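Asks: Here is a sequence together with a model predicted from it:
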Amino acid sequence: MDHFSTSRLIAERLNESHLADLVALHLDADVSRYLGGVRSAEATKTYLDVNMAHWDQHGFGLWVLRTKDGAFAGRAGIRHILVDGVDEIEIAYAFTRSAWRLGFASEIASAMTRIGLSQLALPSLIGIVHADNGASRRVLEKSNYLLERSTNRYGNDAVIYRNRP
């Protein structure tokens, strides 16, 4: 599923043409606050390469998100991730500051949950959230994810939410 859309967003499979938008997103300290911190252009290029390879290996991954008028809004995806030694499949999303508080995160989380659980028939999906990120926690709760447990990710307190079919 290289492309899909919601009522207000268009999702396109991640590719090399998205590097400049991702670099700008990852250099924004406010956006990156709960994502492990600001990433350099070089780190974002590595991130892009890893996530394009994920598509090749698994047939799903990250999408770049644009508004219906074509403005870059962020990125979101479904991807394998190692959590406490266990291979999990997470939904992940990050939006430009101009796209905050517009309901886009809830819209894309619901869409990715449907894709992951129904179309891809994955056994479950998780959301990993910095413990202090109340907005992202509410997004997952609205998408019927249940708080499963606390953990530590990269030295930060985090919580894991799970959704099953």
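Replies: Here it is on my side, so go on.
Asks: CA only for contacts and neighbour counts going forward, please
Replies: Fine.
Asks: can I have stretch 70-77 written out in PDB, keeping just the CAs?
Replies: Only the C-alpha atoms of stretch 70-77 are listed here, as PDB (Å, rounded to 0.1, in the frame of the first residue of the first chain):
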ATOM      1  CA  GLY A  70       0.000  19.500  -0.900                       C
ATOM      2  CA  ALA A  71       1.700  21.000   2.100                       C
ATOM      3  CA  PHE A  72       4.100  18.700   4.000                       C
ATOM      4  CA  ALA A  73       2.400  17.800   7.300                       C
ATOM      5  CA  GLY A  74       4.700  15.100   8.700                       C
ATOM      6  CA  ARG A  75       5.400  11.400   8.600                       C
ATOM      7  CA  ALA A  76       3.700   8.300  10.000                       C
ATOM      8  CA  GLY A  77       4.000   4.600   9.600                       C
END
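Asks: Can you list the buried residues in that stretch?
Replies: Buried positions in stretch 70-77, judged by neighbour count with 16 or more other CA atoms under 10 Å: 72, 73, 74, 75, 76, 77.
Asks: Max pairwise distance over the residues you listed: which two?
Replies: Greatest spacing in these, by CA to CA: 72 and 77 (15.2 Å).
Asks: Which stretches in the chain count as helices?
Replies: Under the criterion DSSP state H, the chain contains helices at 19-27, 29-32, 41-58, 104-114, 134-142.
Asks: Could you pull up phi and psi at the most far-flung residue of the chain relative to its centre?
Replies: Computed with CA atoms, centre = their mean, the residue of the chain farthest from its C-alpha average is residue 69, at 21.4 Å. The phi and psi values for residue 69, taken as degrees, to the nearest 10, are phi -90, psi 0.
Asks: Which strand residues bridge residue 82?
Replies: Residues in a beta bridge with residue 82, per DSSP bridges, are residue 87.
Asks: Count the residues that sit near it.
Replies: Residue 82 has 10 neighbouring residues, counting by other CA atoms under 10 Å.
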